[in-house]
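Participant: Provided below are the primary sequence and the corresponding predicted coordinates.
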Number of protein chains: 2
Amino acid sequence: MSSFADDAVRLDLLRKRAFNLRWAEQPRDVIPLTAADPDFPIAPAIREAIVRYVQDGVLSYGPAQGLPLFRESVANYLRTRRGAPVDAAGVIAVNSAAAGLAMVARQWLAPGDEAIVMDPVDFLFAHTVRSAGGVPVRWPIARTGELDLDRLEALITPRTRMLGLCTPHNPLGRCFTRAELTAIGRLAERHGLQILSDEIWSEIVYAPASFTSMLSLDEAIASRTVVVHGFSKAFGLAGLRIGFIAMRDHEACARMLAASEHPSTVDGAATVSQIGAAAAYDHALPWLESFIEHLRARRDQAIDALNAMPGVHAHSPDATYVAFAKVSDPPCAIEDLVDRLRREHGVAVVPGSPRWFGEGAAGHVRVCFATSQGILQQGLDRMARGLSAIRRGDRFMSIDRGTHTP
Amino acid sequence: MSSFADDAVRLDLLRKRAFNLRWAEQPRDVIPLTAADPDFPIAPAIREAIVRYVQDGVLSYGPAQGLPLFRESVANYLRTRRGAPVDAAGVIAVNSAAAGLAMVARQWLAPGDEAIVMDPVDFLFAHTVRSAGGVPVRWPIARTGELDLDRLEALITPRTRMLGLCTPHNPLGRCFTRAELTAIGRLAERHGLQILSDEIWSEIVYAPASFTSMLSLDEAIASRTVVVHGFSKAFGLAGLRIGFIAMRDHEACARMLAASEHPSTVDGAATVSQIGAAAAYDHALPWLESFIEHLRARRDQAIDALNAMPGVHAHSPDATYVAFAKVSDPPCAIEDLVDRLRREHGVAVVPGSPRWFGEGAAGHVRVCFATSQGILQQGLDRMARGLSAIRRGDRFMSIDRGTHTP
């Protein structure tokens, strides 16, 4: 049995354990294509590493910066797979990539400082900037085409401190090229901006697209960059709450650690989570290859199905396992549409609400396809039928949800 | 073999895994009686629960408030073992008790607000108050004798918002009585103060002393109380980073959750850690009984040895596994004394530095005794010899550390 076959999905467990708008938070007859979190069990190598560690029975305090073996594993991965010359001394284990974004924003921004973030983009960019007392300034980004660097430059003011990048991009699925990232980096260099690069999607990239880390660019750019990463997307470890921040400069890293709540023990990542994440990089890359192969087929399946729906258009993502689809001439507000799809047609997707993703997300829905062929097909079928019914003005088409609910 | 026999201590693993001033952060020939963290492997029931959970392979996002089964387990424990009528809806899983202290302080205190904390007390009280922009105001507490409630009342100003209690008390080992806590609660009620009660030591209490939770007092007191608790002390789960905050009022709990960084996923506790902690309360209480029995003997051993050292006096703690010893007429500053004990005599203890514990800690050392009979005896022997040598003015007595290093 393949790790990604239809019967590899443990719906019994997902219904008890998958929260954040997913199985455990939906009625039993709803298929969630919502939070970016895979429906498949984790790699056996990760399971085994955690089990071995816990069986030993010693779960004492970890160090504030993270376990040496975790930081070594991350640094080795960044050096060998990303061409980013990072050492263990430049890595801090954090309690999720989201926690990493918050840590960096808190330290770089004083109240009233501005941070440029993409539009659309994952809500955590604007959220963590605001939580730090900063002001998010939106830079519009499209799925394709040239980056508008003039517009970016025009957004910079004397209060601008930080440029937040999401590469590969959620929700657009765009994997920025080395040339694009270099041009952005030069601009940051010229204006003395720090760069926060959220690279949580960097493992989920479909050839011929290829990923470039901001930390692999030249010293002038990399030295002003902190990368934030996590293990929820590629390895399905959201429940472990484990990520890292990485930078080239050891002293900057030591300062960031000292100024954080890690030394006080208020903040930090669980050691057992670090063990699982280290095993992901050290032993689960072959598993990841198969996962990406599976996802490539699901991507094509989702994009074909979405584009076959009247008035729906979705570019095929070069990276991530979310499809971002424009609903033209929608029959109602997108939030209401999504709500009706869920309540009346048994499929949950994420609305492209401007308050979450920025103005550039208006009129879109985000569809996660990190599931089995069968579940994805049922979800897409329900969406197609639901959308047609809603467009026709039918109000209660909730009975026919296809042959069976998984 | 008993779970707490000399040979139950896995020094090979502690030297790799026990950080925070402990084995992994000390030279090989130093015995750390430092951070309050046991040297023993965790309860088998906790290991087994985590292993089962991870073997299943589904580690998706947990809910912002914490897994229902964790919150049920905590609420059941508080109801049946503490007489505190708390429901799962009044519990939030947090990324350590320290994170819980910080969450409550951030939400209760505006910049400039005052919070009364005990003196001495664990540094996290003043630290989390200051991090929240508040001002800690110290209320002196002694190991024995009547509480000075007049002094407490005199500290209250129009800016006072919060009263931070540590019961049982670290580092004094005092377990406040129901009458004492009620008197404090009445005073808080009279002045409209919120009560933050850190009860992380509540499981480690030696009869005839008995623990009273602030949440078990009458409604007028309990309704203004949030309890913070964690699983590092009683169950040795510091590496899992798991604790909770609990309160009676569901709506207050929902507001605290909504105002926190849990819904954004920036903050939160790992699901696997919640599984381990739930197993602690559900299945590891018999193990805990044996641990307390072991600790009672170690307490007597430590107190007898400390009081036999010239110029050292230590009250026997009614709770916790730390001894807080006064060093009279010290040969040098207490930080220097501790440093020499560690470097020259192979035993590490925690200095009672006023900047960490408050003025009431001056001239004291804190000695953790949550280890085996054998290791504790060696550590105490080294301390006795070291103190004598330092008092005699010998500078380099580092050769003779007893028959062997563990």
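Facilitator: Cool, the structure landed.

Participant: and the least confident helix or strand in chain A by mean pLDDT, is it in reach of chain B?
Facilitator: Lowest mean confidence among the helices and strands of chain A (mean pLDDT, DSSP states H and E): helix A:354-357, at a mean of 90. No - counting by Cβ under 8 Å from any Cβ of the partner chain, chain B is not contacted by helix A:354-357; separation bottoms out at 11.0 Å. Heads up, the C-betas are built off the backbone N, CA and C, glycines and all.

Participant: Quick check: buried residues in that helix?
Facilitator: A:354, A:356, A:357 (16 or more other Cβ atoms under 10 Å in any protein chain shown).

Participant: Measure how buried the nearest residue to residue A:358 once chain neighbours are set aside is and give me the count.
Facilitator: Nearest non-adjacent residue to residue A:358, counting by Cβ to Cβ, 6 or more residues apart in numbering or on different chains: residue A:119, 3.6 Å away. Using other Cβ atoms under 10 Å in any protein chain shown, residue A:119 has 19 other residues around it.

Participant: what's across from residue A:119 in the sheet?
Facilitator: Residue A:119 has these beta-bridge partners by DSSP bridges: residue A:140.

Participant: Distance check, it against chain B.
Facilitator: 19 Å (Cβ to the nearest Cβ, to the nearest Å).

Participant: can you pull the contacts of that residue?
Facilitator: By Cβ atoms under 8 Å, 6 or more residues apart in numbering or on different chains, the residues touching residue A:119 are A:138, A:139, A:140, A:141, A:357, A:358, A:359, A:360, A:361.

Participant: so can I have CSV of the residues you listed showing distance to residue A:125?
Facilitator: Shown next, in CSV, are the contacts of residue A:119 (distance: Cβ to Cβ, whole Å):
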residue, distance to residue A:125
A:138, 9
A:139, 11
A:140, 14
A:141, 12
A:357, 10
A:358, 9
A:359, 14
A:360, 13
A:361, 13
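
Participant: Buried only: go through the residues you listed for me.
Facilitator: Taking 16+ other Cβ under 10 Å as the criterion, what is buried in the contacts of residue A:119 is A:138, A:139, A:141, A:357, A:358, A:360, A:361.

Participant: Export the residues you listed as TSV, with columns for distance to residue B:223.
Facilitator: Below are the buried ones among the contacts of residue A:119 laid out as TSV (distance: Cβ to Cβ, whole Å):
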residue	distance to residue B:223
A:138	44
A:139	48
A:141	49
A:357	40
A:358	42
A:360	46
A:361	43
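
Participant: between those, which is closest to residue B:205?
Facilitator: The closest of the buried ones among the contacts of residue A:119 to residue B:205 turns out to be residue A:357 (Cβ to Cβ; 51.3 Å).

Participant: Skipping its backbone neighbours, what lies nearest the closest one in space?
Facilitator: residue A:120 (4.0 Å).

Participant: What's the local residue count around that neighbour?
Facilitator: Neighbour tally, residue A:120, other Cβ under 10 Å: 29.

Participant: if we can go back for a sec, just send the buried residues of helix A:354-357 back as a markdown table, with distance to residue B:386 too.
Facilitator: Formatted as a markdown table, these follow (distance: Cβ to Cβ, whole Å):
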| residue | distance to residue B:386 |
| --- | --- |
| A:354 | 66 |
| A:356 | 60 |
| A:357 | 62 |
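
Participant: coming back round to it: isn't the residue nearest to residue A:357 right up against residue A:353?
Facilitator: No - assessed by Cβ atoms under 8 Å, residue A:120 is found out of contact with residue A:353, at 9.9 Å.

Participant: Name the residues that touch the least confident helix or strand of chain A?
Facilitator: A:119, A:120, A:121, A:122, A:123, A:171, A:361, A:362, A:364, A:366.

Participant: Give the next helix or strand downstream of that helix.
Facilitator: Using DSSP states H and E, the helix or strand that follows helix A:354-357 in sequence is strand A:364-368.

Participant: Show me what that next one is packed up against.
Facilitator: Judged by 3 or more Cβ pairs under 8 Å, 6 or more residues apart in numbering or on different chains; DSSP states H and E, strand A:364-368 is in contact with strand A:322-327, helix A:334-345, strand A:350-351, helix A:373-392.

Participant: Out of the contacts of residue A:119, which comes closest to residue B:6?
Facilitator: Among the contacts of residue A:119, residue A:357 lies closest to residue B:6 (Cβ to Cβ), at 59.1 Å.

Participant: Chain B contacts on the stretch 1-150 of chain A?
Facilitator: A:10, A:13-14, A:17-20, A:22, A:24-25, A:35, A:37, A:41-42, A:44, A:47, A:50-51, A:54-63, A:95-96, A:98-99, A:101-102, A:123-124, A:127-128, A:131.

Participant: the strands in chain A, which residues?
Facilitator: Taking DSSP state E, the strands of chain A run over residues A:31-32, A:91-94, A:114-119, A:135-140, A:160-166, A:194-198, A:225-230, A:243-246, A:312-314, A:322-327, A:347-348, A:350-351, A:364-368.

Participant: Including mean pLDDT, could those go into JSON lines?
Facilitator: Formatted as JSON lines, the strands of chain A follow (pLDDT from 0 to 100):
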{"stretch": "strand A:31-32", "mean pLDDT": "98"}
{"stretch": "strand A:91-94", "mean pLDDT": "98"}
{"stretch": "strand A:114-119", "mean pLDDT": "98"}
{"stretch": "strand A:135-140", "mean pLDDT": "98"}
{"stretch": "strand A:160-166", "mean pLDDT": "98"}
{"stretch": "strand A:194-198", "mean pLDDT": "98"}
{"stretch": "strand A:225-230", "mean pLDDT": "98"}
{"stretch": "strand A:243-246", "mean pLDDT": "98"}
{"stretch": "strand A:312-314", "mean pLDDT": "98"}
{"stretch": "strand A:322-327", "mean pLDDT": "98"}
{"stretch": "strand A:347-348", "mean pLDDT": "98"}
{"stretch": "strand A:350-351", "mean pLDDT": "97"}
{"stretch": "strand A:364-368", "mean pLDDT": "98"}
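
Participant: Outline the domain layout of chain A.
Facilitator: Following automatic domain parsing, one gets these domains for chain A: A:6-42+A:286-392, A:46-283.

Participant: Dump those domains to CSV, plus distance to residue B:237.
Facilitator: As requested, those are exported to CSV (distance: least, Cβ to Cβ, whole Å):
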stretch, distance to residue B:237
domain A:6-42+A:286-392, 20
domain A:46-283, 5
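
Participant: between those, which one is nearest to residue B:297?
Facilitator: Closest of the domains of chain A to residue B:297 is domain A:46-283, at 21.7 Å (criterion: Cβ to Cβ).

Participant: picking that back up, and the strands of chain A as JSON lines, adding distance to residue A:387?
Facilitator: Below are the strands of chain A laid out as JSON lines (distance: least, Cβ to Cβ, whole Å):
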{"stretch": "strand A:31-32", "distance to residue A:387": "15"}
{"stretch": "strand A:91-94", "distance to residue A:387": "39"}
{"stretch": "strand A:114-119", "distance to residue A:387": "26"}
{"stretch": "strand A:135-140", "distance to residue A:387": "27"}
{"stretch": "strand A:160-166", "distance to residue A:387": "28"}
{"stretch": "strand A:194-198", "distance to residue A:387": "31"}
{"stretch": "strand A:225-230", "distance to residue A:387": "33"}
{"stretch": "strand A:243-246", "distance to residue A:387": "36"}
{"stretch": "strand A:312-314", "distance to residue A:387": "7"}
{"stretch": "strand A:322-327", "distance to residue A:387": "8"}
{"stretch": "strand A:347-348", "distance to residue A:387": "10"}
{"stretch": "strand A:350-351", "distance to residue A:387": "13"}
{"stretch": "strand A:364-368", "distance to residue A:387": "10"}
